[in-house]
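A.B. asks: Fold the following, please.
(one chain, ligands or ions: 1)
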Amino acid sequence: MREDDCMNYPKVLTIQDVSCVGQCSLTVALPIISACGVETCILPSAVLSTHTCGFTGFTCRDLTDDVPAIAAHWKKEGITFDAVYTGYLGSTKQIDYVRDIMRDAAGSLKIVDPAMADGGKLYPAFDGAYVAAMRALYRDADVVLPNITEAALLCGMDYRETYDRAYIDELLRRLTDGWNGTVVLTGVSYAAGKTGVVTYQNGSYHYYEHEKLPTSYHGTGDVYASAFTGILMRDEKRDVSRAAALAAQFVLACIKATVGDDNHKYGVKFETALPQLWQLMQQ
Ligand code: PXL
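C.D. replies: Residues are numbered from 1 along each chain as shown. Coordinates of the predicted model:
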């Protein structure tokens, strides 16, 4: 281990669900952020037997009512975090509790992955009130990482499957209207066979484009946000565009590790790509 590895050892709190099976949320966030060399504390928002897309009959125990006591204990112990990163949350009321945690975490970098929709549709558990609460949450944060569906919902625009730069610019303008944070917009494709990620910070637009693979998998948004958070927190310059591009390369490696296995459709085999994550971080 290098000397600067010992000194740069940030501590992140991530708040999202435990999907016991499904390779998403905490079961990807913990290993991925840890693999970046970052201490990872967790607050489970709910415990589900599986994630909610593609499985039927899943169980769900919402942990909303446990959140205030957990947060109060940490406060009493004087526990602080270098970053708070949120994903799939259990309920609208829970989002309000998470806003309280963020408000108390004055010195932390706050990263919100709205994790509520994809492909033009809200996930089954959510409704308009959840979207409104999520809008308030990201506006209390420093960075938001929506896909295009989530961005459209958060700023009240129609979701479009095909679009041009003007549509993306309007999404970014509305998302940042009256809010001084950074947008990392994922899954932005301007050309056949290509996709990429936009970072929009202080009015400046940066696009990282890469190949688009023909197969998509559940949970890649969580893999992306986790890798982004780990990479960003290990970078003393906090270079958002670098973290956004490297996280995209990691997700691509995870998808490539999974394509071809027809028995593995519910998530990506990110574990086999973890050595590449460490290599990417050395760039
Ligand atoms: O990957 C996002 C996610 C996380 N957690 C649960 C989900 C989903 C998406 O469907 O259902 C429980």
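A.B. asks: Give me the distance from stretch 207-224 to the chain's centre.
C.D. replies: 13 Å (C-alpha atoms, centre = their mean, to the nearest Å).
A.B. asks: Could you list the buried residues of it?
C.D. replies: 207-209, 212, 217-224 (16 or more other C-beta atoms under 10 Å). C-beta: built from backbone N, CA, C; applies to glycine.
A.B. asks: Then stretch 241-261?
C.D. replies: 241-258.
A.B. asks: Then stretch 195-211?
C.D. replies: Result for stretch 195-211 [16+ other C-beta under 10 Å]: buried residues 195-201, 207-209.
A.B. asks: How about stretch 261-280?
C.D. replies: Buried-residue list, stretch 261-280, by 16+ other C-beta under 10 Å: 266-270, 273-274, 276-277, 280.
A.B. asks: Take those residues and lay them out in JSON lines including distance to the ligand and secondary structure.
C.D. replies: Formatted as JSON lines, the buried residues of stretch 261-280 follow (distance: C-beta to the nearest ligand atom, whole Å; DSSP: H, G, I helix; E, B strand; the rest coil):
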{"residue": "Tyr266", "distance to the ligand": "10", "secondary structure": "coil"}
{"residue": "Gly267", "distance to the ligand": "8", "secondary structure": "coil"}
{"residue": "Val268", "distance to the ligand": "11", "secondary structure": "coil"}
{"residue": "Lys269", "distance to the ligand": "16", "secondary structure": "coil"}
{"residue": "Phe270", "distance to the ligand": "12", "secondary structure": "helix"}
{"residue": "Ala273", "distance to the ligand": "17", "secondary structure": "helix"}
{"residue": "Leu274", "distance to the ligand": "19", "secondary structure": "helix"}
{"residue": "Gln276", "distance to the ligand": "21", "secondary structure": "helix"}
{"residue": "Leu277", "distance to the ligand": "18", "secondary structure": "helix"}
{"residue": "Leu280", "distance to the ligand": "22", "secondary structure": "helix"}
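A.B. asks: okay, those in a markdown table with pLDDT next?
C.D. replies: Shown next, in a markdown table, are the buried residues of stretch 261-280 (pLDDT from 0 to 100):
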| residue | pLDDT |
| --- | --- |
| Tyr266 | 92 |
| Gly267 | 96 |
| Val268 | 97 |
| Lys269 | 97 |
| Phe270 | 98 |
| Ala273 | 98 |
| Leu274 | 98 |
| Gln276 | 98 |
| Leu277 | 98 |
| Leu280 | 97 |
